[in-house]
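Visitor: Sharing a model that was predicted from the sequence below.
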Amino acid sequence: MKRILYLLTIALFISNALHAQIYVRGNVVDASNGAKLSDVFVRDITNKQITLTDKSGRFEIKSEAGHILIFSSPSYVPDTLYVVDLTQKHIELKRKPSR
């Protein structure tokens, strides 16, 4: 009986490890001058996750390969990224033309 309980406990820990969360990380900057952009919305439209960049332009969002991320901020043209791998991302947003 102890052996079965022991094996079930190990199986539980292994299954939790297999369901570990996968994150995409990176930074967002202004395309014209390289300034780090804070408070940019980062949305994964596949799994409905959302986050904001921090004051250094960095972000981290639960996502994985095959998902689509959208980066948007009021003064900038939105950008879309199809996640191919989990390497660090560098996003450059272009300013919207002034009217």
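Guide: Arrived safely, thanks for sending.

Visitor: hey, what's the nearest residue to residue 61 once chain neighbours are set aside bridged with?
Guide: In space, and not counting its chain neighbours, residue 61 is closest to residue 51: 4.8 Å by Cβ to Cβ, 6 or more residues apart in numbering. (C-beta placed from N, C-alpha, C; glycine too.) Taking DSSP bridges as the rule, residue 51 bridges to residue 42.

Visitor: which ones are touching residue 51?
Guide: 41-42, 59-61 (Cβ atoms under 8 Å, 6 or more residues apart in numbering).

Visitor: Which of the residues you listed lies at the shortest distance from residue 80?
Guide: Comparing these against residue 80 with Cβ to Cβ places residue 42 closest, at 11.3 Å.

Visitor: Distance-wise, check the closest one relative to residue 65.
Guide: From residue 42 across to residue 65, the span is 17 Å (Cβ to Cβ, to the nearest Å).

Visitor: and the two? which has more neighbours close in?
Guide: residue 42 (23 against 11; other Cβ atoms under 10 Å).

Visitor: My guess is that one contacts residue 61. True?
Guide: Yes - at 5.3 Å, residue 42 counts as touching residue 61 under the criterion of Cβ atoms under 8 Å.

Visitor: which residues are common contacts for those two?
Guide: With Cβ under 8 Å, 6+ apart as the test, residue 42 and residue 61 both reach 50-51, 69.

Visitor: okay, the residue nearest to residue 61: pLDDT?
Guide: pLDDT recorded at residue 51 is 97.

Visitor: Compute the distance between it and residue 42, please.
Guide: Residue 51 is 5 Å from residue 42, by Cβ to Cβ.

Visitor: Can you check which residues contact both of the two?
Guide: Joint contacts of residue 51 and residue 42 (Cβ under 8 Å, 6+ apart) are 59, 61.

Visitor: in stretch 77-92, what's buried?
Guide: 79, 81, 83, 89, 91 (16 or more other Cβ atoms under 10 Å).
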